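# Need coordinates for the following:
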Amino acid sequence: MKQIFSSRNLVMPEVNIGQALIPKNSRVIWNHNGTAPGIWIEKDDKIFIAMPGVPYEMKAMFDNEIIPDLKKKFAEKNNSVLLQKTLLTTGIGESSLSERLGDLNDLLGDSKLAFLPSSWGVRLRINAEAKNEKDAEEKISRIEGMIRAKAEDYIYGINEEKLEETVVKILKERNRTLSVAESCTGGRISSTIVSVAGSSKFYMGGICAYSNLEKIKILNIKKDTIEKFGAVSEKTATEMAKGVRKLMQTDYAISTTGIAGPTGGSEEKPVGLVWIGFASEEKSFALSFLFGNLREINIQRSSYRALEILRRELLNIKIKF
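From the prediction side, this is the model:
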């Protein structure tokens, strides 16, 4: 949970040093990870803080010096605490999620809930204020419980967690392996998965088969399948997932094939049409999606949707997109 403190109603006198007016309570903030210090200035009921721009120096200074000092300084002046927690959802739109949650007044009371949509999902940011941290945490917990009761299957994490981290965690818990066959996503899924530390134990590899020839030659897609149904089809996506799973000898496999755009579509198969395949020992299938005509958004949504299909299969979640 994130804790936010106010910095109002401070009156700090000034002293004249040379040509500058320096508030009495100004001070140096020591930089333990570098040579450039920061500075803390109090003036006109406000606090000004300057820190080095080097990220790891600034972050350490902020976490180890600034936040503790702010908490200490305003602990007695604040009569309330504001806590924040974000639930991460995917596979459901903002309006559908709002309908599922129902009357927000009954849900929230005096707390607040923000719907923050993006190309991959909707973040639900809960803000609760109370006299102390314990009471604020209880409000957050109550609201979270009510949200999960209505939308649990769509929630994959909290705060800064990522969908790929959730998937790798589940694979680790179940000691299962994964492989990926990509066409329209061009390796994006593989790149996303390997960004998670420890994924090498469960992710065996991926094949980026962009051309039909490579689909046939490497993934063993039947030539008749592509000639009869096309590269962007349910049959091809399913065979891609089955082919890479067999090639990599993994427990699970996912695949993508589609028309990312902005050109290449037709009336029958418009830009944004994507088929995502799944294969395991027990079953194989493919689902179609229409993501629109923006190429980068299509690639991003296809990648996240493939990971979400995998997550639901791993957890045996039986809901439709």
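# Let me see the contact set for the nearest residue to Gly91 once chain neighbours are set aside.
The shortest distance from Gly91 to any residue that is not its chain neighbour, by C-beta to C-beta, 6 or more residues apart in numbering, is 5.0 Å, and that residue is Glu308. From N, CA and C alone the C-beta is placed, and that goes for glycine too. The neighbours of Glu308, taking C-beta atoms under 8 Å, 6 or more residues apart in numbering as the test, are 90-91, 156, 163.
# Flag every buried residue along the helix or strand harbouring Glu308.
Secondary structure assigned from DSSP states H and E places Glu308 in helix 295-315. Applying a neighbour-count criterion of 16 or more other C-beta atoms under 10 Å, the buried positions in helix 295-315 are 295, 297-314.
# Then stretch 252-263?
252-261.
# Compute the first-to-last residue distance for that stretch.
Stretch 252-263 stretches 32 Å from its first residue to its last (C-alpha to C-alpha, to the nearest Å).
# what about that stretch, distance to the chain center?
Its chain's C-alpha centre and that of stretch 252-263 lie 20 Å apart, by C-alpha atoms, centre = their mean, to the nearest Å.
# what ranges do the helices span in this protein?
Counting by DSSP state H, the chain has these helices, from start to end: 55-61, 67-74, 94-101, 104-108, 133-151, 163-174, 188-194, 212-217, 223-229, 234-248, 295-315.
# tell me, which of those is the model least confident about?
When mean pLDDT is averaged over each of the helices of the chain, helix 67-74 scores lowest at a mean of 82.
# quick one on the thing from earlier: want to throw the contacts of Glu308 into TSV with distance to Ile41 and neighbour count?
Conversion of the contacts of Glu308 to TSV gives the following (distance: C-beta to C-beta, whole Å; neighbours: other C-beta atoms under 10 Å):
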residue	distance to Ile41	neighbour count
Thr90	43	21
Gly91	47	23
Tyr156	42	24
Leu163	41	22
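# Could you identify the most distant pair in these?
Across the contacts of Glu308, the longest distance by C-beta to C-beta is 10.0 Å; it joins Gly91 and Leu163.
# shared neighbours, these two?
Overlap between the neighbourhoods of Gly91 and Leu163 consists of 121, 308, taking contacts as C-beta under 8 Å, 6+ apart.
# picking up where we left off before, closest one to Ala286 out of the contacts of Glu308, please.
Gly91 (16.2 Å).
# what does the model give that closest one for pLDDT?
As predicted, Gly91 sits at a pLDDT of 93.
# hang on, it packs against Trp120?
No. Gly91 is not in contact with Trp120 according to C-beta atoms under 8 Å; the separation is 9.5 Å.
# which ones are touching Ile144?
Actually, residue 144 is Glu rather than Ile. Contacts here follow C-beta under 8 Å, 6+ apart; on that basis Glu144 touches 85, 87, 126.
# ok, back up a step: kindly compare burial across the helices of the chain and name the winner.
Mean neighbours per residue, mean count of other C-beta atoms under 10 Å, is largest over the helices of the chain for helix 234-248, with a mean of 24.
# Could the C-alpha coordinates of that helix be exported in PDB?
As requested, the backbone C-alpha atoms of helix 234-248 are provided in PDB (Å, rounded to 0.1, in the frame of the first residue of the first chain):
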ATOM      1  CA  GLU A 234      -8.300 -20.800 -36.000                       C
ATOM      2  CA  LYS A 235      -6.700 -23.900 -37.600                       C
ATOM      3  CA  THR A 236      -3.300 -22.300 -38.100                       C
ATOM      4  CA  ALA A 237      -3.200 -20.800 -34.600                       C
ATOM      5  CA  THR A 238      -4.000 -24.200 -33.100                       C
ATOM      6  CA  GLU A 239      -1.400 -26.000 -35.100                       C
ATOM      7  CA  MET A 240       1.200 -23.400 -34.300                       C
ATOM      8  CA  ALA A 241       0.600 -24.000 -30.500                       C
ATOM      9  CA  LYS A 242       0.700 -27.800 -30.900                       C
ATOM     10  CA  GLY A 243       3.700 -27.600 -33.200                       C
ATOM     11  CA  VAL A 244       5.900 -25.500 -30.800                       C
ATOM     12  CA  ARG A 245       4.800 -27.500 -27.800                       C
ATOM     13  CA  LYS A 246       5.900 -30.700 -29.600                       C
ATOM     14  CA  LEU A 247       9.100 -29.100 -30.800                       C
ATOM     15  CA  MET A 248      10.100 -27.700 -27.400                       C
END
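# ok, and what's touching that helix?
Outside of helix 234-248, the residues within contact range by C-beta under 8 Å, 6+ apart are 177, 179-181, 183, 204-207, 209, 215, 218-222, 225-226, 228-230, 250, 252-257, 275-280, 284-286, 288.
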